[in-house]
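A.B. asks: the sequence and its predicted three-dimensional model are supplied below.
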There are 2 protein chains.
Amino acid sequence: MAVGTNTLPKLLPVAGVRLAVVSAGVRYKNRDDVVLITADSGSSCAGVFTQNAFCAAPVVVAKKHMQQMAARALLINSGNANAGTGEAGMQAAEQTCEAMAKALAIPKEAVLPFSTGVIGENLPSDKIIAVMPDLVQQLTADLWEKAAYAIMTTDTIPKGVSTQISIQGKTVTLTGIAKGSGMIRPDMATMLAYIATDIEMEEPLLQQCLEKAVNSSFNRITVDGDTSTNDACMLIASGQSAVKLSDNDGDLEIFTEALNALCQQLATLIIRDGEGATKFITIEVQQGNSTEECLQVAYTIAHSPLVKTAFFASDPNWGRILAAVGRAGLDNLSIDNISIYLGDVCIVEQGQRAQSYTEEQGQAVMNEEEITIKVLLGRGNNSETVWTSDLSYDYVKINAEYRS
Amino acid sequence: MAVGTNTLPKLLPVAGVRLAVVSAGVRYKNRDDVVLITADSGSSCAGVFTQNAFCAAPVVVAKKHMQQMAARALLINSGNANAGTGEAGMQAAEQTCEAMAKALAIPKEAVLPFSTGVIGENLPSDKIIAVMPDLVQQLTADLWEKAAYAIMTTDTIPKGVSTQISIQGKTVTLTGIAKGSGMIRPDMATMLAYIATDIEMEEPLLQQCLEKAVNSSFNRITVDGDTSTNDACMLIASGQSAVKLSDNDGDLEIFTEALNALCQQLATLIIRDGEGATKFITIEVQQGNSTEECLQVAYTIAHSPLVKTAFFASDPNWGRILAAVGRAGLDNLSIDNISIYLGDVCIVEQGQRAQSYTEEQGQAVMNEEEITIKVLLGRGNNSETVWTSDLSYDYVKINAEYRS
């Protein structure tokens, strides 16, 4: 059960981008598990990948291929992460790219592989190669919803967003899908996101836009602090809207704002579907000396098992939030300048329980499904926002019982 | 239920150190909750305190008093942490010191206050002051066991260790007690430890010895990464064994080894009694470039909810340990050099599942209550050890249901 989410909205096709979705039986039975996304010739493609030193074979291959030429095809499987699989895993990833390239009549380096699922098992590349003729035959623009389902592993809801903006009198479309539920769902190498737009943009600028968007969205969410070996976020720009944006373009901001918003929507959908989540928590840290210290405080709160269990219990336990701020490691932190709000209710002022605060006020906020913690550090002008979920019995259940 | 612990051993009196234990009804009914520990004139006293920026009133007062003169009396209450209580909390801490000093006919600054229990409630200093005549009257050397019980909050077992060593043909005694169960048990500002010895030692050297011992014991344990606002570890040296040790003394090492071992025993008792703990986990990181990077890897594993839930499930889920090592943030970490052992079983070699490894071998180790993870980084000569517990339903239950 995800927190406060609706059903998947209608996902708009993006001109120049086609999809195919099939069932290959990689691990799951009776469901789609392989997705092919192709970009017409002339497209640009940007990507951001996991920072985990143990990145999976497909991540290594995708990064290598991207350095050689513009990507034309993204080949994604769920059910198996092809991670911790050593040299055999590298070969399997390369083989699938090679076969897919042949079927599409493009160079091998134009194909990028992505895998999500169980870590440490060999990828059954033969099963994926066997369905390639079906994939090629099926390619069509209107399959984003089916793709959103096919990339799920232990997600409880499919995740997708579409938006349209007007630039230079023309309509530009952005559509994205994502999967992920914990940073690593039990052995599930986790977060994947695929976004396409019909804007025209050179690859270096596209990469810049994507990195900035990821930084304020996918890089601002945490379920349990665990970073997957397979995380990737890809952005294709097909150029078929007849709107071209370059570095100095005044209209660039219209596009980046839409991209940022779309990434934030996808990222927060992952948190709403966080493992065992019963609360969707927004942590705003303001008045910091730097971005870094705002994030330090926000993540210390977001990762505190004591804060997370208090949210699960709907317990306005301000002492735990205060203690988390205090142990975040900020130099010369002056307690007397700190205020903390739960929703609109001031719970801590000047470093102690607010005079006006009553337990009933705190309880009313904590009873909500969606809660904002605001910490005012009183020592600067920087702000940062991080999203997280609570720590419930179901988190333990999901992660403890998965393999048994 | 603590993991693999026995009953409290016999705790030896330390000449020159006396205790008193009474029931003041600070919060609990029908149990002891106030402890007085006095050191005869001529004693030295060292202390290490929480790094949390929000340190509780008694910590502020204790640190201030220690700077002014050698401590002669430690006044400890359980049930109320006197944390997050602002100016009123400071006054309450000072008042109890003043009253205790008067009753003992020593200066106020020779009394150090310690509080552990619920955060954010005013300390009922009148209740503590009311029992002071009883405390003074009762003072005796043989009350360490009763004191170990009286300082407990939500600990499930009392924690104490005694040891004797021979230096210069004479017997030196060390006795210590501790309390703590999570870094913060639900609102329980947590870890306190009191150690006494009859060795004679100047305060600067005693402080050095204590800091070194704490650094390889209390600073190497974690239940949930949360640091309390009240943590303190005190060491009294009464000097009554007629053995004096100074900086260049060849016998100093006999003493520091015994002190280090005693601190490790107390620290690991806290982990064995960790919130909801069903496993006692030792994490050894070897072959690191520095102490810091060994600790970085050890704590990333120790704090990973995915690793902790896998241990709760007795699941030999090597992918989660591998992923934790990978995200620990080490520069230029080469996967190919890494080996990981579960007990004596090699689960990862050269960055991938060991050829010889079978699930049965891993399962056999995971079925134990006490488990060692060993990570060989293959890039240096430094080692560090950290102790932790697993993440169970009971952890969530204890922390979510405590206040309801």
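C.D. replies: All right, it came through fine. Every value quoted in this text rests on a predicted model; they were computed, and no experiment measured them.

A.B. asks: when you work out contacts or count neighbours from here on, use the C-alpha atoms and nothing else.
C.D. replies: OK.

A.B. asks: tell me the bridge partners for A:Phe49.
C.D. replies: A:Phe49 has the following beta-bridge partners by DSSP bridges: A:Ala232.

A.B. asks: what does the stretch 201-350 of chain A put close to chain B?
C.D. replies: Residues of the stretch 201-350 of chain A found near chain B (CA under 8 Å from any CA of the partner chain) are A:224-229, A:304-306, A:309-310, A:312-313, A:315, A:317, A:319-320, A:322-324, A:326-327, A:329, A:333-335.

A.B. asks: look up how far A:Pro124 lies from A:Ile151.
C.D. replies: 17 Å (CA to CA, to the nearest Å).

A.B. asks: same question, A:Ile335
C.D. replies: Distance from A:Ile335 to A:Pro124, by CA to CA: 56 Å.

A.B. asks: out of these two, which sits in the busier spot?
C.D. replies: Using other CA atoms under 10 Å in any protein chain shown as the criterion, A:Ile335 and A:Pro124 rank with A:Ile335 on top: 20 against 17.

A.B. asks: what is the helix ranked longest in chain A packed up against?
C.D. replies: With secondary structure taken from DSSP state H, chain A has its longest helix at helix A:252-272. For helix A:252-272, the elements it packs on are strand A:159-167, strand A:170-179, helix A:203-215, strand A:221-222, strand A:382-389, judged by 3 or more CA pairs under 8 Å, 6 or more residues apart in numbering or on different chains; DSSP states H and E.

A.B. asks: give me that answer again for 7 Å
C.D. replies: strand A:159-167, helix A:203-215, strand A:382-389 (3 or more CA pairs under 7 Å, 6 or more residues apart in numbering or on different chains; DSSP states H and E).

A.B. asks: just these: most buried one?
C.D. replies: strand A:382-389 (a mean of 23; mean count of other CA atoms under 10 Å in any protein chain shown).

A.B. asks: output the lowest mean pLDDT helix or strand found in chain A.
C.D. replies: Using mean pLDDT, DSSP states H and E, strand A:184-185 stands out as the lowest-scoring helix or strand of chain A, at a mean of 50.

A.B. asks: helices of chain A, start to end?
C.D. replies: For chain A, applying DSSP H gives helices covering A:57-68, A:86-104, A:125-130, A:132-138, A:144-150, A:203-215, A:252-272, A:291-303, A:305-312, A:318-326, A:359-366, A:393-401.

A.B. asks: now do the buried residues in the third one.
C.D. replies: Looking back up the chat, that one is helix A:125-130. A:125, A:127-129 (16 or more other CA atoms under 10 Å in any protein chain shown).

A.B. asks: what sits against A:Glu109?
C.D. replies: By CA atoms under 7 Å, 6 or more residues apart in numbering or on different chains, the contact set of A:Glu109 is A:65, A:68-69.

A.B. asks: what do you get for A:Ala324?
C.D. replies: If you count contacts by CA under 7 Å, 6+ apart, then A:Ala324 has A:300-301, A:304 around it.

A.B. asks: repeat that with 10 Å
C.D. replies: A:297-304, A:306-307, A:318, B:52-54, B:225-229 (CA atoms under 10 Å, 6 or more residues apart in numbering or on different chains).

A.B. asks: do you know how far A:Thr140 is from B:Gly120?
C.D. replies: 61 Å.

A.B. asks: quick one: which of the two has more around it?
C.D. replies: Counted by other CA under 10 Å, A:Thr140 and B:Gly120 do not tie: B:Gly120 has more neighbours, with 21 against 18.

A.B. asks: now that one. Nearest residue, chain neighbours left out?
C.D. replies: Leaving aside its chain neighbours, B:Gly120 sits nearest to B:Gly84 (4.8 Å; criterion: CA to CA, 6 or more residues apart in numbering or on different chains).

A.B. asks: right, and the one you found touches A:Asp336 too?
C.D. replies: No - using CA atoms under 10 Å, B:Gly84 is not in contact with A:Asp336; the gap is 11.0 Å.

A.B. asks: give me the more crowded residue out of these two.
C.D. replies: Higher neighbour count among B:Gly84 and A:Asp336: B:Gly84, with 26 against 14, using other CA under 10 Å.

A.B. asks: and the residue located most distally from the centre of chain A, what does it touch?
C.D. replies: Distance to the chain centre peaks in chain A at A:Gln355, reaching 40.0 Å (criterion: CA atoms, centre = their mean). Contact analysis of A:Gln355 by CA under 10 Å, 6+ apart lists A:346-349.

A.B. asks: need the contact list for the closest residue to A:Gly160 other than its chain neighbours.
C.D. replies: Counting by CA to CA, 6+ apart, the nearest residue to A:Gly160 once its immediate chain neighbours are dropped is A:Ile177, at 4.2 Å. Neighbouring residues of A:Ile177 by CA under 10 Å, 6+ apart: A:11, A:144-145, A:147-149, A:151, A:158-162, A:192-196, A:233, A:262-263, A:266.

A.B. asks: spatially nearest residue to A:Glu200 (excluding sequence neighbours)?
C.D. replies: A:Glu200 sits nearest to A:Gly239 (CA to CA, 6+ apart), 3.5 Å away.

A.B. asks: surely that neighbour meets A:Met201?
C.D. replies: Yes - A:Gly239 lies in contact with A:Met201 (CA under 10 Å); the separation is 6.9 Å.

A.B. asks: so which of the two has more stuff around it?
C.D. replies: In this view A:Gly239 and A:Met201 are compared by other CA under 10 Å, and A:Gly239 has more residues nearby, 25 against 22.

A.B. asks: ok, the more buried one - contacts?
C.D. replies: Contacts of A:Gly239 (CA under 10 Å, 6+ apart): A:14-16, A:39-44, A:172, A:197-202, A:245.
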